[in-house]
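Participant: Sharing a model prediction with you, sequence too.
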Amino acid sequence: MAPSVALVQGASRGLGLAFCRALLSGGAGLVFAGCRDPTSAPHLEVLRQEYPERLSVLRLDVTQEENVKQAVKVMSSGFGKLDLVINAAGILHPSGRGETCLKDVSPEGLASTWSTNTIGPLLVAKHCSPLLLKGTGAFGYQFSDQSKQHSAILVNITAKVGSIGDNALGGWYSYRMSKAALNMATKNLSLELGRGNRKVVCVSLHPGTVDTDLSRPYHRNIPTEKLFTPEHSVNCLMKIIENLSLEKTGKFISWDGTELPW
């Protein structure tokens, strides 16, 4: 059986880097690690040296469609399939802080945040979908009924603050809106990629509040027990990924397995 092939987009640090480690230590056959600038990703380079035969680092700038296309060409020239794609890259706002009120909103901030958080993952899905449809179902729950098996899994890392139904505080316009739109993209993808004989499970996953550069300006407001390390968050999310089935496609799921409101 051909080895499993996974792509982690946004792999230079934080959740993306932790996903790469988890996949490699968990026995994934080959992992493609995509990031905007591999030359400025020292931790990823250390990991590549540890797994030289199984980790391949790609320049993948999701804000540039031509670059996405070139990265997918590189992946397709190898095994010609993808079993798992994880869109992990994300920004809170170009300034590093969310808009606390309407006067802080700017077209530039909105456009930049959406480019990375929403448009980028959708472009990755667009160009990776032919490879996902050729996947071998290496990740997720395996049914005994072969007709119900999925070929691959597409994961969009979203955020609970992207839930419209859960929003009770407001603020963070760019980030909230970009994640709400990403959730809609996930739902659309689950329908389009679930119509044929070959099906892709598409889910939005909320990682909890993770100790990364994105959340760091707000750590003082977060109880210690609710601030996760990237490794803990990814361990929780990998358990969900490993048990996904077609019944879960199109869902918005939290790190603890509960379904979140749109």
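Facilitator: That came in fine, so what should we check first?
Participant: Skip the chain neighbours and tell me the closest residue to Ser76.
Facilitator: Leu131 (5.9 Å; C-beta to C-beta, 6 or more residues apart in numbering). C-betas here are computed from N, CA, C, even on glycine.
Participant: And for Ala185?
Facilitator: Using C-beta to C-beta, 6+ apart, the nearest residue to Ala185 is Leu122, at 5.0 Å.
Participant: Equivalent analysis for Ser112, please.
Facilitator: Pro94 (4.6 Å).
Participant: any idea which helix or strand carries the residue nearest to Ser76?
Facilitator: In this structure, Leu131 sits in helix 120-132 according to DSSP states H and E.
Participant: What's the mean pLDDT across that helix?
Facilitator: Across helix 120-132, pLDDT averages out at 98.
Participant: now the helix or strand following that helix against helix 120-132, angle please.
Facilitator: Next helix or strand after helix 120-132 toward the C-terminus (DSSP H and E): strand 152-157. With axes from the mean of the first three to the mean of the last three C-alpha atoms, to 10 degrees defining the directions, strand 152-157 sits at 170 degrees from helix 120-132.
Participant: So what's the gap between strand 152-157 and the chain middle?
Facilitator: Its chain's C-alpha centre and that of strand 152-157 lie 6 Å apart, by C-alpha atoms, centre = their mean, to the nearest Å.
Participant: helices or strands next to it in the packing?
Facilitator: Under the contact criterion of 3 or more C-beta pairs under 8 Å, 6 or more residues apart in numbering; DSSP states H and E, strand 152-157 touches strand 84-87, helix 120-132, helix 173-192, strand 200-206, helix 230-242.
Participant: right, and these - which one's nearest Ser12?
Facilitator: helix 230-242 (12.2 Å; C-beta to C-beta).
Participant: Can you name the residues in contact with the closest one?
Facilitator: 14-15, 17-19, 21-23, 26, 84, 139-141, 153, 155, 203, 205, 207-208, 210-212, 228, 253, 255-257 (C-beta atoms under 8 Å, 6 or more residues apart in numbering).
Participant: tell me the average confidence for the helix or strand just after that helix?
Facilitator: Downstream of helix 230-242, the first helix or strand assigned by DSSP H and E is strand 252-254. Averaged across strand 252-254, pLDDT comes to 98.
Participant: sorry, back to before: highest average neighbour count across the helices and strands packed on strand 152-157?
Facilitator: The highest mean neighbour count among the helices and strands packed on strand 152-157, using mean count of other C-beta atoms under 10 Å, belongs to strand 84-87: a mean of 28.
Participant: Go ahead and confirm Asn67 touches Arg59.
Facilitator: Yes - contact criterion C-beta atoms under 8 Å: Asn67 and Arg59 qualify, at 6.7 Å.
Participant: which SS class is the nearest residue to Pro261 once chain neighbours are set aside?
Facilitator: The shortest distance from Pro261 to any non-neighbouring residue, by C-beta to C-beta, 6+ apart, is to Gly165 (3.6 Å). For Gly165, the secondary structure call by DSSP: H, G, I helix; E, B strand; the rest coil comes out as coil.
Participant: Quick check: Gly165 vs Leu122, distance?
Facilitator: Noted for Gly165: a distance of 23 Å to Leu122, by C-beta to C-beta, to the nearest Å.
Participant: Output the below-cut-off pLDDT ranges for this structure.
Facilitator: Within the chain, the ranges that satisfy pLDDT under 70 run 1, 142-148, 213-225.
Participant: residue nearest the centroid of it?
Facilitator: Asn87 (2.4 Å; C-alpha atoms, centre = their mean).
Participant: Met238 versus the nearest residue to that one once chain neighbours are set aside, what's the distance?
Facilitator: Distances taken as C-beta to C-beta, 6+ apart put Pro121 closest to Asn87, at 3.8 Å, once the chain neighbours are dropped. To Met238, Pro121 is 19 Å away according to C-beta to C-beta.
Participant: Okay then, goodbye and thanks.
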